[in-house]
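> need coordinates for the below:
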Amino acid sequence: MISQELRQLRADMNRARVSRREGAEALHLSYSAFNRKLRGERPLLPQEARQLREYIAGKAKAG
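Numbering: from 1, shown residues only. Okay, here's the model as predicted:
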């Protein structure tokens, strides 16, 4: 089951038009590893979540 935090991160990515490929690059992960984390198959570490939120916020401001 996907956590509420992951749902929110995915929704925030969609609103800011951040692709999964961009998210993976922002976290220095492979595309497949990033997707496993977003699907809840692997844990998204707190520092990864924070880094992704910062990337999304920066992208939202620029766009």
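> where are the low-confidence patches of this protein?
Applying pLDDT under 70 to the chain flags residues 1, 63.
> what's the single longest helix in it?
Longest helix in the chain, counting residues (DSSP state H): helix 46-62.
> give me the buried positions along that helix.
Neighbour counts using 16 or more other CB atoms under 10 Å place Glu48, Ala49, Leu52, Tyr55, Ile56, Lys59 of helix 46-62 among the buried residues. C-beta: built from backbone N, CA, C; applies to glycine.
> cool, and stretch 32-39?
By 16+ other CB under 10 Å, the buried positions in stretch 32-39 come out as Phe34, Asn35, Lys37, Leu38.
> go ahead and confirm Tyr55 touches Gly23.
Yes: using CB atoms under 8 Å, Tyr55 makes contact with Gly23 at a distance of 7.1 Å.
> related to what we said a few turns ago, roughly how far is the longest helix of the chain from the heart of the chain?
The chain centroid and the centroid of helix 46-62 are separated by 8 Å under CA atoms, centre = their mean, to the nearest Å.
> next one: stretch 16-32
Counting by CA atoms, centre = their mean, stretch 16-32 comes out at 7 Å from the chain centroid.
> could you do stretch 9-22 as well?
7 Å.
> same question for stretch 42-54.
Relative to its chain's centre, stretch 42-54 lies at 7 Å (CA atoms, centre = their mean).
> just use 521 as the starting number from now, easier for me
New numbering, starting at 521: the last item is stretch 562-574.
> then that stretch to CSV, C-alphas only?
This file holds the C-alpha atoms of stretch 562-574, laid out as CSV (Å, rounded to 0.1, in the frame of the first residue of the first chain):
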residue,chain,number,x,y,z
ARG,A,562,11.5,0.3,-1.6
PRO,A,563,11.7,2.9,1.2
LEU,A,564,12.1,6.5,0.4
LEU,A,565,14.6,7.8,2.9
PRO,A,566,13.8,11.1,4.8
GLN,A,567,16.7,12.9,3.2
GLU,A,568,15.5,11.8,-0.3
ALA,A,569,12.0,13.0,0.4
ARG,A,570,13.3,16.3,1.6
GLN,A,571,15.6,16.7,-1.4
LEU,A,572,12.8,15.8,-3.8
ARG,A,573,10.5,18.4,-2.1
GLU,A,574,13.2,21.0,-2.5
